[in-house]
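Participant: need a 3D model of the sequence below.
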Amino acid sequence: MTDIEVPGPEPDWQPATQPPYYTGKNPAHQYSVWEHHAPLFQMIGGLALPVHPVAQRLRLHVERSWDGLDDLDVVLFRLKGFSFAISKHDGNPLGVSFVWLTQPHEQADKALDTLLEAVGIGEDVVAFRGDAHDCQAERVLTGQDVGSPDNASGVISPTSLWERFRCVLGMTQ
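Facilitator: A predicted model of the protein is given here:
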């Protein structure tokens, strides 16, 4: 096979993973596996703890990934008939880890209870049940849990990257 040399990037091309997407001169826009698949997932709740303790308990490997919002830790696994993902974005203002089903299921509460039992943690770790973006999600966090009355009520500053993201997607509370 002959040696083929691929030229380097043009000097005025921004990194393909760097926002604002499609506004620079780089013709490529890279997206992560997580960013591609997460919209298909069903959010079933949040845990008031990072991903790592859950992963350690179940002997899972935490993957470091990113999406259009920021960097995140994520684990994907099967447990007693349910396919889970647990993720935590670095910039999540509440500091909770989101629990997802990678395949939507009618028994979301049973799935979350199954996870809690397998990990050996109680209901006191559950920050909320349901989808965080759904006004019907059962909120469990208190002001003491999140450290700020604004965060506890679900109100985030309009200048927050997370709030702007929710507004763009029509997910305001």
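Participant: neighbours of L76, how many?
Facilitator: 18 (other CB atoms under 10 Å). Yep, even glycine has a C-beta here, placed from its N, CA and C like the rest.
Participant: that one - nearest residue in space that isn't next to it in sequence?
Facilitator: Nearest residue to L76 in three dimensions, chain neighbours excluded: A85, at 4.7 Å (CB to CB, 6 or more residues apart in numbering).
Participant: tell me if that neighbour really is in a strand.
Facilitator: Yes - counting by DSSP: H, G, I helix; E, B strand; the rest coil, A85 is located in a strand.
Participant: would you agree it is in contact with L40?
Facilitator: No - if you go by CB atoms under 8 Å, A85 and L40 don't touch, sitting 10.4 Å apart.
Participant: which one of these two has more residues nearby?
Facilitator: Between A85 and L40, A85 has the larger neighbour count (other CB under 10 Å), namely 20 against 10.
Participant: let's verify L72: helix, strand, or coil?
Facilitator: strand.
Participant: residue contacts, the closest residue in space to it that isn't next to it in sequence?
Facilitator: Sequence neighbours aside, H89 is the residue nearest to L72 in space, at 4.5 Å (criterion: CB to CB, 6+ apart). Going by CB atoms under 8 Å, 6 or more residues apart in numbering, H89 touches 67, 69-72.
Participant: now for the helix or strand hosting L115, which elements pack on it?
Facilitator: Assigned by DSSP states H and E, L115 falls within helix 108-119. Applying 3 or more CB pairs under 8 Å, 6 or more residues apart in numbering; DSSP states H and E, one finds that helix 108-119 contacts strand 42-47, helix 51-58, strand 71-79, strand 82-89, strand 97-101, strand 126-129.
Participant: can we see that at 6 Å?
Facilitator: strand 42-47 (3 or more CB pairs under 6 Å, 6 or more residues apart in numbering; DSSP states H and E).
Participant: now the strand it packs on: average pLDDT?
Facilitator: Here strand 42-47 scores 93 as its mean pLDDT.
Participant: same deal with stretch 73-88?
Facilitator: Confidence for stretch 73-88, expressed as mean pLDDT, is 94.
Participant: ok so, going back, list the buried ones in the helix holding L115?
Facilitator: 108, 111-112, 114-116, 119 (16 or more other CB atoms under 10 Å).
Participant: may I have the residues that are in contact with the residue nearest the centre of the chain?
Facilitator: Most central in the chain under CA atoms, centre = their mean is S87, positioned 4.2 Å from the mean C-alpha point. Counting by CB atoms under 6 Å, 6 or more residues apart in numbering, S87 touches 72, 74, 98.
Participant: thanks again, I'm all set now.
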